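>>> Sequence plus the predicted model coming up.
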Amino acid sequence: ITKATVILERPGDWQRWLFLRKDSAERNDLWQYLDPSLKAEQVKRIEQERPKEKKIEEFYTGAAQDEEITILDLSEKDVSRYELWLKVFTRKEAQWSKKEKALREFNHEISRTIASRHIHLISDCSTPYDRLRALKKHLCPSTSERNYQLRAHYQGLLTLPKRSNLDTWFEDWLETARLMKEASLPEIAGSRAQEDFIRAIRNLDESWATHQLTELVRKDQDETEFTGISDLVAEYRSYYRRVRPIASNLGSFATLGVAEQSPTQGAQGAQGAEGSQGAQDSQDKNKGKKKGLICVCGESHKFQDCPYVNYARRRTGWQPNEQIARKFDELRAEQSLKASILRQVEERLKNQTQNQGDLHDDGKPQSASSSGSYAVLQTAITSKASDQPPLINRWILDLGSNTHCVYAGGQLLQIEEWGDVELQVDTPSGKQPFRLSYVAYIPGFFTNVLGLSRCRSLEIHFDSGRNCLYQRVPSNPVCYLEYKDGHWLIDADEKARPSLRAI
């Protein structure tokens, strides 16, 4: 019996518990001896199926004699008949013994999978069938009671739970819909269950729900069948896993096409990739402190939050302590539970680093015919700071940039070179590095432009009302913007900007 086994404690557990017991019994073809829905006279008794032995006399065909007949008295033909019967009998006896043993083990399984307070219900029952009948009498809900519970539970499913409980919610939908269908309840007749599920999802993903609801209405009008509730839940489950923010891989604050980094830049980039996930990380640290977790480094945090394990936790200028680093090396060589956890965390972080490109753009400059916009970096063409445009050393979010070259003063200026740029931007967790790849260098342009369309592949969108960029859903801001003189500016660190005189 594994930890996943359902323990029969209350009437609400009966259906799942009985399903598992039936599944276990059918592995040895035992359900015909156990089915509690049958009356006692209808259920089979394994004792009645035991193969019967035959006496030697039954195979003797010779003349009658007063003495007891033994196998030595059998003729050659009689012996052949006896041996054939014995072979069949031995095989049937072995099969019966195996089934009888499985039945005794199943009897013990029943007692191990019910709550201890219910043991008294089966204390006087010697057979598995009697035990199941006794438990059914006390713990199996009546049809009306079961239907009432199903309706109440179904109403609760119409409210979307917290995101952390979505998987359980999906499972509840599948199980409850199946049970209500078996009970022929009108609440899920036709496509009512599908419509209720779509409406419940609406608060989580309005675009998906709107599309599905439109499709449901169209098929109702065409009198065609809509996707079943089981397939619909599975479809959204797959869709949700694909589009939800993958904080553990990249963080809600995504970089726009991170290029290959040097070791120093890699540490900074990894730190930046945490983005708005920093708040969640702080909560995780606090949880670790509450639980009294002491890391090998001496701090109160988990392995995944330790800079000796997770490169993303290393601040600029961080240097390891040789003694602590040696302790980690010694722990990795051990075979303890703590060492196993450390290796698992390091392997997971390694896989996350390898998969970090999943949310990046294609990393390639777009073709001349493409309508996608580009981030543009420039240097000024004048020498006096007083002649410079006021935004020459700032980065502006551009909603309409869509060409390889830029007009300035009636001139057509070609892209001279492509490169990478790292900015400091405001995020929900403070200033963080923001790396742009394939930035077009165009001498003569009046400012620096970040093209919004390059963000679309990462599902990063612009909210002018809140002055921010968000990823996938408005509740997930990844970068705050500064609104100034009709422009939205993205760079936040004044010290990182080149001075006008230097330009």
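Yep, that arrived. What you see is a predicted model; the values in this text were computed from it and never measured. Numbering: from 1, shown residues only.
>>> for this protein, which helix is longest?
Of all the elements of type helix in the chain, the one with the most residues (DSSP state H) is helix 76-112.
>>> what mean pLDDT does that helix have?
For helix 76-112, mean pLDDT rounds to 93.
>>> Same question for stretch 315-332.
84.
>>> Same check on stretch 465-474?
85.
>>> Quick check: what element follows the longest helix of the chain along the chain?
Moving toward the C-terminus from helix 76-112, the next helix or strand (DSSP states H and E) is helix 119-122.
>>> Show me what that following helix is packed up against.
helix 76-112, helix 128-139 (3 or more Cβ pairs under 8 Å, 6 or more residues apart in numbering; DSSP states H and E). Placement of C-beta: from N, CA and C, glycine included.
>>> Tell me where the stretch 101-250 of the chain has helices.
For the stretch 101-250 of the chain, applying DSSP state H, counting those that start in this stretch gives helices covering 119-122, 128-139, 143-157, 166-182, 192-201, 206-222, 229-243.
>>> need those helices in CSV with distance to residue 74, can you?
Listed next are the helices of the stretch 101-250 of the chain as CSV, based on distance: least, Cβ to Cβ, whole Å:
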stretch, distance to residue 74
helix 119-122, 50
helix 128-139, 42
helix 143-157, 62
helix 166-182, 60
helix 192-201, 71
helix 206-222, 77
helix 229-243, 65
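>>> now residue 431, what's its secondary structure?
strand (DSSP: H, G, I helix; E, B strand; the rest coil).
>>> Find the helix or strand that the residue lying closest to it once chain neighbours are set aside is a member of.
Once flanking residues are discounted, residue 431 sits nearest to residue 424: 5.1 Å by Cβ to Cβ, 6 or more residues apart in numbering. In the assignment (DSSP H and E), residue 424 maps to strand 417-427.
>>> send the alpha carbons of that strand over as CSV?
Provided in CSV are the C-alpha atoms of strand 417-427 (Å, rounded to 0.1, in the frame of the first residue of the first chain):
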residue,chain,number,x,y,z
GLU,A,417,26.6,47.8,-37.4
TRP,A,418,24.8,45.4,-35.1
GLY,A,419,25.6,44.8,-31.4
ASP,A,420,24.4,44.2,-27.9
VAL,A,421,23.4,46.7,-25.2
GLU,A,422,22.7,46.3,-21.5
LEU,A,423,20.5,48.9,-19.7
GLN,A,424,19.6,49.3,-16.1
VAL,A,425,15.8,49.4,-15.8
ASP,A,426,13.2,49.7,-13.0
THR,A,427,11.5,46.4,-12.1
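>>> other SSEs contacting it?
helix 263-273, strand 430-441, strand 477-480.
>>> tell me the pLDDT at residue 208?
At residue 208, pLDDT is 91.
>>> list the contacts for it?
201, 236, 239 (Cβ atoms under 8 Å, 6 or more residues apart in numbering).
>>> State the distance from it to residue 239.
In this view, residue 208 and residue 239 are 6 Å apart by Cβ to Cβ, to the nearest Å.
>>> hmm, back to that, and which of the contacts of residue 208 is nearest residue 326?
Proximity of the contacts of residue 208 to residue 326 (Cβ to Cβ) peaks at residue 239, which lies at 47.4 Å.
>>> If we ignore the residues flanking it in sequence, what's nearest residue 96?
residue 50 (5.4 Å).
>>> Please tell me how far that neighbour sits from residue 86.
Taken as Cβ to Cβ, the span from residue 50 to residue 86 is 16 Å.
>>> Could you do residue 469 as well?
Per Cβ to Cβ, residue 469 is found 84 Å from residue 86.
>>> Of those two, which one has the most company?
Neighbour comparison, residue 469 and residue 86: the larger count goes to residue 469, with 26 against 13 (by other Cβ atoms under 10 Å).
>>> which residues does residue 349 contact?
Neighbouring residues of residue 349 by Cβ under 8 Å, 6+ apart: 304, 309, 310, 311.
>>> if you average pLDDT over the helix or strand that contains it, what comes out?
Residue 349 belongs to helix 337-354 when assigned by DSSP H and E. Taken as a whole, helix 337-354 has a mean pLDDT of 80.
>>> That helix: which residues count as buried?
Buried residues in helix 337-354, counted by 16 or more other Cβ atoms under 10 Å: 342, 345, 346, 349, 352, 353.
>>> coming back round to it: quickly, which of the helices and strands packed on strand 417-427 bottoms out on average pLDDT?
Here the helices and strands packed on strand 417-427 differ in mean pLDDT, and the lowest is helix 263-273 at a mean of 39.
>>> State the distance from the most centrally placed residue in the chain to residue 461.
When Cα atoms, centre = their mean is applied to the chain, the residue found nearest the centroid is residue 241 (6.6 Å). Distance of residue 241 to residue 461, computed by Cβ to Cβ: 21 Å.
>>> Flag the shaky bits of the stretch 151-300 of the chain, pLDDT-wise.
Regions of the stretch 151-300 of the chain meeting the criterion pLDDT under 70 cover residues 163-164, 244-293.
>>> number of nearby residues for the residue nearest to residue 96?
Residue 50 is flanked by 14 other residues according to other Cβ under 10 Å.
>>> Now do the contacts for it.
Contact partners of residue 50, counting by Cβ under 8 Å, 6+ apart, are 93, 96, 100.
>>> what about dumping the CA coordinates of stretch 307-319 to PDB?
Provided in PDB are the C-alpha atoms of stretch 307-319 (Å, rounded to 0.1, in the frame of the first residue of the first chain):
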ATOM      1  CA  PRO A 307      25.300  32.100  -4.100                       C
ATOM      2  CA  TYR A 308      27.700  29.100  -3.800                       C
ATOM      3  CA  VAL A 309      25.100  26.900  -5.500                       C
ATOM      4  CA  ASN A 310      23.000  29.300  -7.700                       C
ATOM      5  CA  TYR A 311      25.000  31.700  -9.900                       C
ATOM      6  CA  ALA A 312      22.000  34.000 -10.200                       C
ATOM      7  CA  ARG A 313      22.400  34.900  -6.500                       C
ATOM      8  CA  ARG A 314      25.900  36.200  -6.900                       C
ATOM      9  CA  ARG A 315      26.000  40.000  -6.500                       C
ATOM     10  CA  THR A 316      28.500  42.100  -8.500                       C
ATOM     11  CA  GLY A 317      31.900  41.800  -6.900                       C
ATOM     12  CA  TRP A 318      31.000  38.600  -4.900                       C
ATOM     13  CA  GLN A 319      33.900  36.500  -4.000                       C
END
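>>> Domains in the chain, by residue range?
The chain breaks down into these domains under automatic domain parsing: 11-57+73-139, 143-243, 263-270+280-358, 376-496.
>>> closest one to residue 65 among these?
Across the domains of the chain, residue 65 has its closest neighbour in domain 11-57+73-139 (7.7 Å, Cβ to Cβ).
>>> if we can go back for a sec, among the helices of the stretch 101-250 of the chain, which is nearest residue 338?
It's helix 166-182; of the helices of the stretch 101-250 of the chain, that one is closest to residue 338 (Cβ to Cβ) at 28.6 Å.
>>> now for the closest one, which elements pack on it?
For helix 166-182, the packing partners by 3+ Cβ pairs under 8 Å, 6+ apart come out as helix 143-157, helix 192-201, helix 229-243.
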